[in-house]
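Participant: Fold the following, please.
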Amino acid sequence: MRSAPLREATPVRLALIALALLLLGLFLLAPLVVVFGEAFKAGIDAYFAALGDEDTLSSIRLTLAVAVCTVPINLLVGVAAAWCVAKFDFPGKTLLTTLIDLPFSVSPVIAGLVYVLMFGLQGWLGPYLHAHHIKVIFALPGILLATLFVTFPFVALELIPLMEEQGTEEEEAAVVLGAGGWQIFRHVTLPNVKWGLLYGVLLCNARAMGEFGAVSVVSGHIRGRTTTMPLQVEILYDEYNFVAAFAVASVLALLALVTLAVKSFFEWRYARELAADGRA
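Facilitator: Okay, here's the model as predicted:
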């Protein structure tokens with residue numbers, strides 16, 4: 001027999017709701033108000049003038065380029081890793097699962113330092129790269145590697161629980177009916193995890209655009225060349241150019257709000273599909 005849900009007294013519920021709204025206002029809404037207030041403090045002309053600065057435009061282009069390169073790679077690798085972990089048993093499965101979780105256990109700054117020790121001029125591969133005129137650290141390849149590392153888990157960790165929950169019965173039935181591996185993935189596996197996949201890609205993209213620690217170590221902070229938007233905010237703020245710093249920060253905040261809106265849409269669509277399947 002199903003037990004009735006617990007119901008708190010009305011004053012308790014109102015107090016909890018008020019506390020939640022207060023904390024939401026203090027830790028989420030208030031910072032947003034401050035960011036946009038400071039960004040437009042000197043007027044809208046100053047705001048767009050700050051965003052039109054060549055170094056700032058360069059940081060925006062670099063941030064978007066890193067996200068465009070990082071997300072597809074992590075999409076492919078994450079889907080392959082999740083499929084292997086959830087659908088197959090093989091030697092080294094536990095090790096693969098541990099490696100997927102590794103970026104969450106290691107500080108991004110430490111990850112960036114490891115890349116410097118590997119690819120820097122005095123690093124393990126530094127002399128070879130220098131002799132062949134290949135630049136990794138303080139250049140785009142280093143930023144891509146650092147961003148790939150910190151964003152790698154998002155797609156895989158969203159898909160693994162979904163695939164494990166669904167089991168392998170549908171795939172096995174498709175094999176019996178003569179379907180190939182690619183057909184099984186496209187027509188059986190992928191439709192069942194599409195919302196989790198989109199959610200993982202969304203989180204991966206948000207982290208790629210907002211990453212600071214690892215990128216700060218490997219970028220060298222070369223203005224107009226290796227500064228992403230978070231690094232540009234730091235540089236402008238350190239130079240007491242507060243309007244420009246908050247203008248760039250407001251763009252990052254807008255991207256975060258868009259990410260939140262798309263995430264909510266995905267969750268709403270997923271809930272509707274579950275409800276429709278339940279009615280069916």
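
Participant: quick one: contacts of the host helix or strand of A173?
Facilitator: Applying DSSP states H and E as the criterion places A173 in helix 169-176. Under the contact criterion Cβ atoms under 8 Å, 6 or more residues apart in numbering, helix 169-176 has outside partners K87, Q183, I184, H187, V188, T189, N192. For every residue, glycine as well, the C-beta is placed using N, CA and C.

Participant: can we see that at 10 Å?
Facilitator: Residues from elsewhere that reach helix 169-176 (Cβ atoms under 10 Å, 6 or more residues apart in numbering): 83, 87, 163, 168, 179-181, 183-185, 187-189, 192.

Participant: Between which two of the residues you listed is the distance greatest?
Facilitator: Using Cβ to Cβ, these span at most 18.8 Å, a distance reached by M163 and G180.

Participant: Pick out whichever of these two has more residues nearby.
Facilitator: The neighbour count for M163 versus G180, taken as other Cβ atoms under 10 Å, is higher for M163 (21 against 10).

Participant: could you point out where the stretch 101-250 of the chain is predicted with low confidence?
Facilitator: For the stretch 101-250 of the chain, no stretch has pLDDT under 70.

Participant: Now with 90, please.
Facilitator: The model of the stretch 101-250 of the chain has pLDDT under 90 over residues 104-105, 121-123, 126, 130, 162-199, 220-221, 224.

Participant: what ranges do the helices span in it?
Facilitator: 108-119, 126-131, 140-151, 153-166, 169-176, 181-184, 190-210, 213-219, 229-238, 242-279 (DSSP state H, counting those that start in this stretch).

Participant: Which one, of those helices, ends up nearest to L32?
Facilitator: Shortest distance between L32 and those, using Cβ to Cβ, is found for helix 242-279: 6.0 Å.

Participant: How far away from the center of its chain is that closest one?
Facilitator: Distance, stretch centre to chain centre, for helix 242-279: 12 Å (Cα atoms, centre = their mean, to the nearest Å).

Participant: buried sites along that helix?
Facilitator: For helix 242-279, the neighbour count (16 or more other Cβ atoms under 10 Å) marks 243-253, 255, 259, 266 as buried.

Participant: Likewise for stretch 97-113?
Facilitator: For stretch 97-113, the neighbour count (16+ other Cβ under 10 Å) marks T97, I100, P103, P108, A111, G112, L113 as buried.

Participant: That'll do, ta.
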